[in-house]
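Engineer: quick one: sequence plus predicted model below, questions after.
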Amino acid sequence: MMKLPNWRPPTLTTERLVLRAFTEDDAQPLFEHARNPNVTRFTLWDAHRTVADTMLFLRDYAVLRYLEGMPEPYAITVTPDPHPIGACGCFWAAKPHQTMELGYWIAEPFWGQGYVVEACRAVLNFAFTEYEPERMQARVIDGNTASERVLTKLGFQHEGVFRHALLRRGNFEDVRMYSVLRNEWTKSGHESG
């Protein structure tokens, strides 16, 4: 269902973070992180070469998702700094089957500090409440152990490996599938914090 052109996901706050919709003003600070090939080592998108690449993401990808009414992508900011250090969000992977997918990335200087888990927990709470998916899934390119740790901390279960399921940058990659079901999320107590 298409939203009004100015619809944006609501701002979410956690103990250390503010999660908000991206704006075009984020282009330069986001580019400084999105151009790092270490950040994009396990992403589907390539390191940004110019600020124009980042602006394309903000104008085309982000705005299109917001038009679709998706809580994705959220800019991750560390209070009180308003500049984004990464992104996370959820989108419908298969709406007729009530399945959403979680995605995230964070800038290298902020790795290992628990920011992604904190950001994703807030977004998942919002998505499970407002969109009511039965299943939330996440795909991880084989070898991305940091991302697998994030999902484990969030209560996702490893379901299996799709062998050579992704042709990325000229190589076939194995993809690990994780998921958490709505009743598992609710029972785990994640939704309360």
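Structural biologist: Received the coordinates, thanks. Residues are numbered from 1 along each chain as shown.

Engineer: read off the pLDDT value for His190.
Structural biologist: His190 carries a pLDDT value of 66.

Engineer: state which helix of this protein is the longest.
Structural biologist: Criterion DSSP state H: the longest helix present in the chain is helix 115-130.

Engineer: quick one: mean pLDDT for stretch 12-29?
Structural biologist: Stretch 12-29 carries an average pLDDT of 97.

Engineer: strands paired with the helix or strand following the longest helix of the chain, and their directions?
Structural biologist: Counting by DSSP states H and E, the next helix or strand C-terminal to helix 115-130 is strand 135-141. As defined by DSSP bridges, the strand partners of strand 135-141 come to strand 99-106 (parallel), strand 171-181 (antiparallel).

Engineer: chain center to the helix or strand following strand 135-141, what's the gap?
Structural biologist: The first helix or strand that comes after strand 135-141 along the chain, using DSSP H and E, is helix 145-153. Centroid separation for helix 145-153 versus its chain: 13 Å, with Cα atoms, centre = their mean, to the nearest Å.

Engineer: can you pull the buried residues of helix 145-153?
Structural biologist: Within helix 145-153, the residues scored as buried using 16 or more other Cβ atoms under 10 Å are Ser147, Glu148, Val150, Leu151. (Glycine included, C-beta is placed from N, CA and C.)

Engineer: if we can go back for a sec, other SSEs contacting the longest helix of the chain?
Structural biologist: Where contact means 3 or more Cβ pairs under 8 Å, 6 or more residues apart in numbering; DSSP states H and E, helix 115-130 is packed against strand 12-13, strand 17-21, strand 74-78, strand 86-94, strand 99-106, strand 135-141, helix 145-153, helix 182-188.

Engineer: thanks a lot, catch you later.
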